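Q: no sequence for this one, just the structure:
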């Protein structure tokens with residue numbers, strides 16, 4: 001069972017000040033642009049969606065493990081909808097390097113992401129990836145390429161430690177690493193990476 005997300009306390013005086021400021025701006029014709037509104041909303045969503053720091057939490061993470069290029073990874077089970085076989089993948093020219101291709105899945109096209117290069121892993125030319133982890137919340141958002149699915153595990157959040165170099169390109173999608181060298185991917189960062 002995951003712990004409920006903590007909602008930051010609301011500073012009512014600050015909220016009132018900002019509402020009054022926005023009202024004055026609207027009256028005087030200085031309305032924020034749609035681009036400015038979008039940036040503010042995206043930042044709020046990012047801050048609210050970010051999980052609590054694992055080392056400060058006393059709850060368990062529910063994860064699904066998988067292997068990719070000989071390494072073990074995991075993703076929050078709450079974001080995993082299904083595991084599918086890699087079948088009839090069509091490449092998409094002109095896309096970023098993480099796009100492996102698209103395939104038909106349950107009557108829809110599913111975009112498949114390959115994070116090997118982003119994570120500094122080399123692809124084995126003699127072994128084709130065997131499955132796709134279908135990620136999303138209510139509906140499929142994209143697929144994560146994997147060699148093999150693993151298992152459902154519960155790990156105390158205190159056992160997930162920040163990954164060294166997390167702010168490096170690619171490693172920001174790694175939420176942390178366990179003592180058993182299981183890299184836990186940050187589902188929110190995966191969404192933000194391509195959003």
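A: Received it, and whenever you're ready, just let me know what you need. Here the structure is a predicted model, which is why all the values come from computation and not from measurement.
Q: my guess is residue 121 meets residue 73, correct?
A: No: using C-beta atoms under 8 Å, residue 121 is not in contact with residue 73; the gap is 9.8 Å. (Glycine included, C-beta is placed from N, CA and C.)
Q: quick one, which of the two is more surrounded?
A: Using other C-beta atoms under 10 Å, the more surrounded residue of residue 121 and residue 73 is residue 73, with 23 against 16.
Q: Distance of the more buried one relative to residue 112?
A: From residue 73 over to residue 112 the distance is 16 Å, taken as C-beta to C-beta, to the nearest Å.
Q: Buried residues, whatever helix or strand residue 82 lives in. List them.
A: Element membership for residue 82, per DSSP states H and E: strand 80-85. The neighbour-count check on strand 80-85 (16 or more other C-beta atoms under 10 Å) flags 80, 81, 83, 84 as buried.
Q: isn't the third one right up against residue 130?
A: The one in question is residue 83. No: when contacts are counted by C-beta under 8 Å, residue 83 is not listed as touching residue 130 (9.9 Å).
Q: that older thread, so what does the strand holding residue 82 touch, helix or strand wise?
A: The helices and strands touching strand 80-85, judged by 3 or more C-beta pairs under 8 Å, 6 or more residues apart in numbering; DSSP states H and E, are strand 131-136.
Q: 10 Å instead, please
A: When contacts are defined as 3 or more C-beta pairs under 10 Å, 6 or more residues apart in numbering; DSSP states H and E, strand 80-85 sits against strand 60-68, strand 99-105, strand 131-136, strand 140-146, strand 148-156.
Q: contact partners of it?
A: With contact meaning C-beta atoms under 10 Å, 6 or more residues apart in numbering, strand 80-85 is reached by 62-64, 66, 74, 103, 105-106, 110, 112, 129-141, 143-144, 146, 148-150, 152, 187.
Q: for stretch 114-122, same thing?
A: The contact list for stretch 114-122 (C-beta under 10 Å, 6+ apart) reads 68-71, 73, 96-101, 123-124, 129, 143-147, 168-174, 183, 185, 190, 193.
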